[in-house]
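**Q** Sequence plus predicted model, see below.
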Amino acid sequence: MCGIAGLVGSKDKSVANDTVARMMSSLARRGPDDHGTHSWEDAVLGHRRLAIFDLSSAGRQPMLSPDGRIGIVFNGSIYNYRSLRSDLISRGCTFLSDTDTEVLVLGYIEWGLDELLRRLRGMFAFALWDDTRHRLFLVRDRLGVKPLSYIVRGDTIGFASTPRALSRGGLASDLDPRGILAYLGLSYVPDQMSVYRSVKKVPAATLIEWNDGIISERCYWRAPVPSDDVVTSFDDAVDKAEHLLLEAVRSRLYAHVPTGALLSGGVDSGLVCWAISQLNRNLTVFTVGVPGDPWDETEAARHTAQVLGVKHEVLDLSGQDDVEPERLTAAYAEPFAAPSGLGMLKVSEAVSGRVTVLLTGDGGDDMFLGYPRHRHLWTAGKLPLWAQPALRTGWRHLELLFPRKGPLRRMAALFDYASGNLDAYFNHWAWLSNPLLNPLLGPRLNDLQMDTASPTVPGDQSPLTSVLAYEIESRFVGEYLTKVDGATMHYALEARSPFLDQELWEFAASLPYDIRLRHGMLKAVLRTIVKRRIDPTTAHRRKSGFSIPVHRWIRGKWRRRVQSAFEDSVLQREGWIDTTYAIQLLEQPDLPRTYLDQLWYLYVLELWMRQERSYDASVV
């Protein structure tokens, strides 16, 4: 797990080396153990290392081929690297280290890039320079677990683990109004955009090739789609999922550094810890305890740990100071306001220093269908297509009578989905037409036209299929994966999630929804494994999570600092936001959740912008 950077195509070696050095400095927390650079005539690669395999200097990057013509900088872990290493040795390759990075170098030479990618199992973002062919390859893993951004300026391409590193290297300076407006609608900047103008993110499962200034892009993997042609019983699906999960955990337990796991009181982390117990691995599982907090899951986690017989440690954070909102701007390269990000930062800080590799339960909800919206969409999809027009007409007359809050909010969403209207789900720009929120925009955003059209949904596609495809490309990568990567890497931790395993993901994605949501039960396959292998109490426990009550705090304990920030606002001075109006909203009692969301997003954006301008001033 590391930070990578590079510049290719520059004719000025001194400028190129200085640019890469500044980018690497920005990535220091991602790789505190070592750093290195290597230059060719037209390329400079840089690396910050968090050592996981082969802790000696033999694992230093950039790593070169024996003749020095191939170089790579790599962030991530290849879980099957030992078997690939054995295959390469049998073909006559000689290794100088016990690292997954060297497997990438020699595998590229022996098999070529396409065959190498087909064989890889893991999370990765890497840049490979082939000096003989004068080509740069930027590659991101199948699900987009590890980040990778780039910018093209003429015939030159710069890349780095984060957009901020590109900015710190002087390659990106202007902010992109579309990226900022997207953030205000979502609480994060989606993968299709950046907060910096001209910066692009390598999409998941994608290979970018630079060849003397010419850029090409292609997708090298796609997840299967669910099919009713899959002939399997529910019990067979449970057995197969259990087997694949055990293998996914097994492969992620191997490291040359201390390894642990997170244990909440829920299904997903409980299954990961069950697999650890089955594999007879003597490692500690950690629970972050906050006694008295509504999110505290200490007792539930203790119960699971006792049933499994695993070594369990509760890290009590109740006596610690509150998480400072400024940590979001330090840990995340772009504005990021998901409250769970603050919770993940607190968890990562507590665990850091105890372990370097941390197994988590992330991803179980996304493909095994663990969110209530999945059940609503599945139910809506059972309505015959011929009935949708009638329902749509009737619902158009009734929907304004349904309050979009409380218990009826979900019922209203169900009718939206059943009538074929997914605008409420897809359209994140609806707040722009809200008369109470639109005045927040300053002149740099007020006249910006955003595409507010919902994605086209094929007529033969169910609502759940449409939403899942959209979620995986948007919220899953932009919010969920970003949250974990930003928080853990800020504290030099490598997070590994077995539920993001390629083979387990492909299996789950191919299962019919009627199996994954059997009898309307969320995550029915996983809950059944828990019921069999842990206990019924854990199997039926509701999803919780460790977050921070930001909506309450911005009008409570953080009220003074929020108002002070808006009164002396960088956003106001630069014309992005009218914070005078934001202060007026802050003073209004009983604001709806949507308005509190926007005030929180604005506050985080203000903090992020201050950090940007502070850095700009320091380098002038």
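**A** Received, thanks.
**Q** excluding its backbone neighbours, what's nearest Met123?
**A** Excluding its sequence neighbours, the residue lying closest to Met123 (CB to CB, 6 or more residues apart in numbering) is Val145, at 3.8 Å. All C-beta spots, glycine's among them, are computed from the backbone N, C-alpha and C.
**Q** And the one you found, which helix or strand is it part of?
**A** Of the helices and strands defined by DSSP states H and E, none includes Val145.
**Q** tell me the contacts of it?
**A** Going by CB atoms under 8 Å, 6 or more residues apart in numbering, Val145 touches Gly76, Met123, Leu481, Asp485, Ser497, Leu500.
**Q** what's around the last one, how many residues?
**A** Read it as Leu500. Look at Leu500: counted by other CB atoms under 10 Å, it has 26 neighbours.
**Q** gap between the residue lying closest to it once chain neighbours are set aside and Ala333?
**A** Distances taken as CB to CB, 6+ apart place Gly363 nearest to Leu500, at 4.6 Å, with adjacent residues excluded. Remark: distance between Gly363 and Ala333 (CB to CB, to the nearest Å) = 22 Å.
**Q** Over to Ile52?
**A** Taking CB to CB, one finds Ile52 at 22 Å from Ala333.
**Q** Relative to Phe499, how far out is the residue nearest to Leu500?
**A** 4 Å.
**Q** which residues do these two both contact?
**A** What both Gly363 and Phe499 touch, as defined by CB under 8 Å, 6+ apart, is the set Asp268, Trp505.
**Q** By average pLDDT, which secondary structure element in this protein comes out worst?
**A** Every helix and strand in the chain was compared by mean pLDDT, DSSP states H and E; the lowest is helix 388-398, with a mean of 55.
**Q** Gly363 and Ala333: who's more crowded?
**A** With neighbours defined as other CB under 10 Å, Gly363 and Ala333 compare such that Ala333 has more, 27 against 24.
**Q** State the pLDDT value of that one.
**A** Looking at Ala333, its pLDDT is 96.
**Q** mind listing what the residue nearest the centre of the chain touches?
**A** Nearest to the mean C-alpha position of the chain, counting by CA atoms, centre = their mean, stands Leu481 at 1.3 Å. Contact analysis of Leu481 by CB under 8 Å, 6+ apart lists Leu143, Gly144, Val145, Asp362.
**Q** let's see 6 Å
**A** Val145 (CB atoms under 6 Å, 6 or more residues apart in numbering).
**Q** ok, now the one 3 residues further on?
**A** Contact partners of Val484, counting by CB under 6 Å, 6+ apart, are Asp362, Ala495.
**Q** Return the set of buried residues in the host helix or strand of it.
**A** With secondary structure defined by DSSP H and E, Val484 is part of helix 482-490. Using 16 or more other CB atoms under 10 Å as the test for burial, helix 482-490 gives Thr482, Lys483, Val484, Asp485, Gly486, Ala487, Thr488, Met489, His490.
**Q** For whichever helix or strand comes after that helix, give the mean pLDDT please.
**A** Following helix 482-490 in sequence order, the next helix or strand is strand 494-496 (DSSP H and E). Per-residue pLDDT values over strand 494-496 give a mean of 97.
**Q** Quick one: mean pLDDT for the helix or strand that comes right after strand 494-496?
**A** Along the chain past strand 494-496, the next helix or strand (assigned with DSSP H and E) turns out to be helix 502-510. Helix 502-510 shows a mean pLDDT of 96.
**Q** Give me the phi and psi angles of Ala43.
**A** Phi and psi for Ala43, reported as degrees, to the nearest 10, are phi -150, psi 140.
**Q** In terms of secondary structure, what does the helix ranked longest in the chain contact?
**A** Longest helix in the chain, counting residues (DSSP state H): helix 593-619. With contacts taken as 3 or more CB pairs under 6 Å, 6 or more residues apart in numbering; DSSP states H and E, helix 593-619 sits against helix 326-331, helix 570-573.
**Q** Can you list the buried residues in it?
**A** Neighbour-count burial for helix 593-619, counted by 16+ other CB under 10 Å, picks out 595-610, 612.
**Q** Repeat that for stretch 112-124.
**A** Using 16+ other CB under 10 Å as the test for burial, stretch 112-124 gives Leu113, Leu116, Leu117, Leu120, Arg121, Gly122, Met123, Phe124.
**Q** Identify all contacting residues around it.
**A** With contact meaning CB under 6 Å, 6+ apart, stretch 112-124 is reached by Gly76, Ser77, Ile78, Tyr79, Asn80, Gly107, Tyr108, Asp141, Val145, Lys146, Tyr220, Gln502.
**Q** which one among the contacts of Val145 gets closest to Asn282?
**A** Ser497 (21.2 Å; CB to CB).
**Q** Count the residues that sit near the closest one.
**A** For Ser497, using other CB under 10 Å, the count is 25.
**Q** Also Asp590?
**A** The burial count for Asp590: 5, using other CB under 10 Å.
**Q** same thing with Pro463?
**A** Neighbour count of Pro463, defined by other CB under 10 Å: 24.
**Q** correct me, but it touches Trp378?
**A** No. Counting by CB atoms under 6 Å, Pro463 does not reach Trp378; the two are 8.2 Å apart.
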